[in-house]
Structure formats: structure tokens, C-alpha cells
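>>> Build me a model:
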Amino acid sequence: MRRLITVPAIASVVLALGGGVARARTVTLSEGGRLHLTSHHGFTLNEQGNAYGTISGTIYIHLRVSSTNHVTAEVNIYPSGGSLTGYASAGYHVHGSVASFNGSMSIARGTGRYSHARGNGLSFTGTIQRSNDAVNVHVSGGMSY
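Now for the predicted structure:
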């Protein structure tokens, strides 16, 4: 005679053995960053600085001016215990000595404690000082990891 094992019985055994179902942690990001130009190649600005806010650490941005009114970016943040990589697309407008951008970003991957990081539709805004290419950036929205 076969004996059926019920789902509650399996769950009790898993919990008793110290296992459990890993739950994704969700946070609302509100990150800022002040970056300085490290190099540029054509219309791509390579920037580095410090991220502050919900998750702090070193931030690198490869900001590409793809047209007179559009930018794309790869954003890498290195907080304690891992890293996050995201991709952004934004409208771009020049106002005298300052250019501004406003668009959205997605978190594509992470490492370490952020290895399962994902996020879509995050706000990606900022400014570029045209005299020295310094960038201020702000990212906000939901992310799970």
C-alpha cells in the first residue's frame, strides 16, 4: 500500500530541517549620486562617484548621448555585499550650461546579496554640468532581491 504525503507534512519536514522558502525582499529605492568624469569616448561620458540613499556605495555610469534629445546609460552600483547593474533611457535637454535628462531605468542583474535583483520602470533623472561633464543623478522606484 502506498502512503500519500501531504503538502503540510512536507512543509513541516523542510522547516524542521532548517530549510524554508526564500522570499524576495522588496525595497523602494531613492538613490542619489554625484559623479565626476573619468573619461569620454565620442558621445559617451564615463562617470564615477558616490551613491547615497537607500543603498550607498560607489557608482559608475556610462552615459551615452545618442541624439540631440536622448541619452542611454549603463549604471553600476557597488554597495557593501554585492553589486547592481541597470540600464536606462531618457529624454535629454540642454538649458545653457546645464543639460538635464529624465526617463526610466531597469535593474537587470546583481551579485552577492543582490544576486536576484530586479526592478522595472524606475525613475532615472539628473543633470550634466556642460563645463566639466559632472553628473548628478537620481534613481527611484521599487526593486526586489
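>>> chain center to stretch 96-111, what's the gap?
Chain-centre distance of stretch 96-111: 9 Å, with C-alpha atoms, centre = their mean, to the nearest Å.
>>> Please apply the same query to stretch 124-131.
With C-alpha atoms, centre = their mean as the basis, stretch 124-131 stands 18 Å off its chain's centre.
>>> Make 629 the starting number, not 1.
I'll keep to 629 as the first residue from here, and by that count the last item is stretch 752-759.
>>> ok, and for it, which residues are buried?
Taking 16 or more other C-beta atoms under 10 Å as the neighbour-count basis, stretch 752-759 is seen to contain the buried residues 752-754, 756. (Glycine included, C-beta is placed from N, CA and C.)
>>> ok, now stretch 683-698?
Along stretch 683-698, these residues count as buried under the neighbour rule (16+ other C-beta under 10 Å): 683-685, 687-693.
>>> and the buried residues of stretch 752-759 as a markdown table, adding distance to Ala745, secondary structure and pLDDT?
Formatted as a markdown table, the entries for those read as follows, by distance: C-beta to C-beta, whole Å; DSSP: H, G, I helix; E, B strand; the rest coil; pLDDT from 0 to 100:
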| residue | distance to Ala745 | secondary structure | pLDDT |
| --- | --- | --- | --- |
| Phe752 | 16 | strand | 98 |
| Thr753 | 21 | strand | 98 |
| Gly754 | 21 | strand | 98 |
| Ile756 | 26 | strand | 97 |
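>>> now, the most widely separated pair of the residues you listed?
Across those, no pair lies farther apart than Phe752 and Ile756, at 13.2 Å, counting by C-beta to C-beta.
>>> list the residues that contact both of these two?
Residues touching both Phe752 and Ile756 by C-beta atoms under 8 Å, 6 or more residues apart in numbering: Phe729.
>>> Nearest to Ala679 among the buried residues of stretch 752-759?
Gly754 (12.2 Å).
>>> That closest one against Val765, yeah?
Yes. If you go by C-beta atoms under 8 Å, Gly754 and Val765 touch, sitting 3.8 Å apart.
>>> Sweet, I'm off.
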